[in-house]
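Enquirer: Kindly return the folded structure for what I paste below:
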Amino acid sequence: MITCRFTKKIAAQALLALSVALGTTEATAGMLILRAGPPSVGTGGANPMGIPPSAVDLELAWITQSNWETSLSAVPGLLIGKRFDIGNYYVGLGGGIVISSNGVGLGPYSSFGFETEGTVRFGIEYKQALAISGVGLISPSALRLGLGYVF
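Expert: Next comes the predicted model:
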């Protein structure tokens, strides 16, 4: 229990520091994406996706017009980063609270994906995270398909 409380305290402090470092900006439009796909939770590879998808299979992401991305999922966790577009392809880099079946920790992530053009967008993304937890290194990943809506 002490480790869990300690990890939660560190995670809260890290999110506070990140929000202070990013500062405030004018409200802008962005894109909301719902993705579904099998995560690799650290137990030997990706699990099959449930039909219908379970909460572990889902991810919700918000991307601002300035390409800052915030994504929330059970695996790999709560992540904030910057996306770099290369045509319809992109690469994302950032960090946050990383979650796997082997623990919770703070660490970086990277992602790459493809999205179509338009107001409603189809996309596919692979995301890999790395963190240090109470049991050592954790490295969850996810391959997900999704639909996004541009506001």
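Enquirer: pLDDT-wise, which helix or strand of this structure ranks last?
Expert: In the chain, no helix or strand scores lower on mean pLDDT, DSSP states H and E than helix 2-22, which sits at a mean of 60.
Enquirer: Any chance you could list what contacts whichever helix or strand comes after that one?
Expert: Next along the chain after helix 2-22, taking DSSP states H and E as the criterion, comes strand 30-36. The contact list for strand 30-36, computed with C-beta atoms under 8 Å, 6 or more residues apart in numbering, reads 49, 53, 57-65, 121, 123, 125, 144-151. Quick note: C-beta positions are derived from backbone N, CA and C, even for glycine.
Enquirer: Could I get the buried residue list for strand 30-36?
Expert: Gly30, Met31, Ile33, Arg35, Ala36 (16 or more other C-beta atoms under 10 Å).
Enquirer: that older thread, just the buried ones from the contacts of strand 30-36?
Expert: Buried subset of those (neighbour count, 16+ other C-beta under 10 Å): 49, 57-59, 61-63, 121, 123, 125, 144, 146, 148.
Enquirer: would you turn these into CSV with distance to Ile80 and secondary structure?
Expert: Formatted as CSV, the buried ones among the contacts of strand 30-36 follow (distance: C-beta to C-beta, whole Å; DSSP: H, G, I helix; E, B strand; the rest coil):
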residue, distance to Ile80, secondary structure
Met49, 25, coil
Asp57, 21, helix
Leu58, 18, strand
Glu59, 14, strand
Ala61, 10, strand
Trp62, 10, strand
Ile63, 11, strand
Arg121, 21, strand
Gly123, 19, strand
Glu125, 15, strand
Arg144, 18, strand
Gly146, 18, strand
Gly148, 18, strand
